[in-house]
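>>> Sequence and predicted structure below; questions after.
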Amino acid sequence: MRLLLSPQDTCSYLPDRQSASLFVDPHEPLDMRRYAALLNVGFRRSGRYVYRPHCEGCQACVPARIPVARFKANRSQRRNLRNNSDVIGRPCRDRFGERKYEMYKAYQQRRHPGGSMALADRSEFASFLAADWAATGFCEFYDGEESLGVCVYDRVENGLSAVYTYYSQTGEKRGLGKFAVLWLIDEARRLKLAYVYLGYWISQCDKMSYKAEFQPLEVLTQGAWRDLSG
C-alpha cells in the first residue's frame with residue numbers, strides 16, 4: 001500500500017506546533033477489510049482520505065479505542081444517560097439534506113468560528129462525512145420530533161469507528177457529544193463488536209482530552225494497544 005506524506009502546516013489542536021499527516025494514496029483501492037487493518041495501526045478517515053498524524057518531534061496524537069466488554073460508565077456518564085433517557089436514536093433518512101446541512105454549519109460556527117469547516121458548502125459537508133468504500137451509519141437523535149444531532153460512524157469487522165458527531169444548541173446543552181459515545185458503546189455491544197474507535201486522544205488539548213473519561217481506554221503506543229491507566 002502506497003503512503004504519502006503531506007506538507008507541514010500549523011497544528012489544529014496545538015497551535016504552537018507544526019503538523020503533517022501520512023495518508024493512503026487516494027488511488028489505492030480501499031474496502032472495509034483493509035480499513036479495519038489500518039484502524040488497528042492508528043489510521044482513521046476524513047471523507048474518503050485515510051490518514052495518520054506523522055509530525056516531526058511530536059507524538060501528541062494517540063490512537064484510542066474503548067474495549068466495550070470492559071467499559072463501565074462513571075458517575076458523570078450515568079447522569080448523562082439519565083438526563084437523556086428520553087432521547088431516541090433513529091437511522092438518519094436524509095443524511096445530507098438542507099436541515100442537516102444548516103445544523104452542521106451552525107455547529108461549526110459555534111465550535112470552530114472562522115475555521116474552514118464553518119465555511120463548508122453542501123458538497124464539502126457530504127464529502128467530509130462519507131466515503132464511497134465505507135460502511136457508514138448515520139444515527140439521528142430526537143427528543144420527540146425535535147432533532148438534536150447526528151452521530152456518524154463506520155462499521156468494521158471488530159468494532160465501530162466514530163467519524164463525527166454534530167448537534168444543535170439544545171443538543172449541546174444536553175451533553176449530546178458524550179451521549180453519542182455512550183450510544184456507540186451500547187450499539188457495539190448490541191452488535192457483539194469488541195471496540196469503539198475514538199480517533200486520537202490528545203492530553204494537552206481540551207477538545208480531545210475528554211476521551212480519557214471513557215475507561216478503560218486503550219491507546220496505541222510503540223506498536224501495541226495498552227490500557228491508558230497502565
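Ah, there it is.

>>> How many neighbouring residues does the closest residue to C11 other than its chain neighbours have?
Counting by CB to CB, 6 or more residues apart in numbering, the nearest residue to C11 once its immediate chain neighbours are dropped is S19, at 4.0 Å. All C-beta spots, glycine's among them, are computed from the backbone N, C-alpha and C. Neighbour count for S19, taken as other CB atoms under 10 Å: 20.

>>> Wait, S19 touches T10, no?
Yes. Between S19 and T10 there is a contact under CB atoms under 8 Å: 7.2 Å.

>>> before we move on, back to that, show me what contacts the residue nearest to C11?
If you count contacts by CB atoms under 8 Å, 6 or more residues apart in numbering, S19 has them with Q8, D9, T10, C11, S12, P53, C55, C58.

>>> Mind checking which of these are buried?
The neighbour-count test (16 or more other CB atoms under 10 Å) marks C11, P53, C55 as buried among the contacts of S19.

>>> With respect to R155, which of those is nearest?
Taking CB to CB as the measure, R155 sits nearest to P53 out of those, at 23.9 Å.

>>> hang on, that closest one packs against G199?
No. In this structure P53 lies outside contact range of G199 using CB under 8 Å: 10.5 Å.

>>> what's the residue nearest to P29 when sequence neighbours are not counted in contact with, if anything?
Distance criterion CB to CB, 6+ apart; nearest residue to P29, sequence neighbours excluded, is W133 at 7.9 Å. By CB under 8 Å, 6+ apart, the contact set of W133 is P29, L30, D31, M32, Y35, R48.

>>> Let me know how buried the fifth one is, in neighbour terms.
Meaning Y35. Using other CB under 10 Å: Y35 sits among 23 other residues.

>>> For it, list the residues it contacts.
In this structure, Y35 makes contact with R45, V50, W133, A134, D154, V156, judged by CB under 8 Å, 6+ apart.

>>> Any quick PyMOL command for the buried ones out of these?
Per 16+ other CB under 10 Å, the buried members of the contacts of Y35 correspond to this PyMOL selection:
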select buried, resi 45+50+134+154+156
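
>>> Select from the contacts of W133 the one having the most neighbours.
For the contacts of W133, the largest number of neighbours (other CB under 10 Å) sits with Y35, at 23 neighbours.

>>> Pop the domain breakdown of the chain in here.
3-62, 73-200 (automatic domain parsing).

>>> Okay, now the last one: how far is its last residue from its first?
Here the two ends of domain 73-200 are set 20 Å apart, with distance taken as CA to CA, to the nearest Å.

>>> Buried residues in stretch 188-208, which are they?
Buried residues in stretch 188-208, defined by neighbour count with 16+ other CB under 10 Å: A188, L193, Y195, V196, Y197, L198, G199, Y200, W201, I202, C205, M208.

>>> Quick check: bridge partners of the closest residue to the fifth one other than its chain neighbours?
Nearest residue to Y197 in three dimensions, chain neighbours excluded: S161, at 4.1 Å (CB to CB, 6+ apart). Applying DSSP bridges to S161 yields these beta-bridge partners: D154, Y197.

>>> And for T10?
With DSSP bridges as the rule, T10 is bridged to Q18.

>>> Just the local confidence number for it, please.
At T10 the predicted local confidence, pLDDT, stands at 90.
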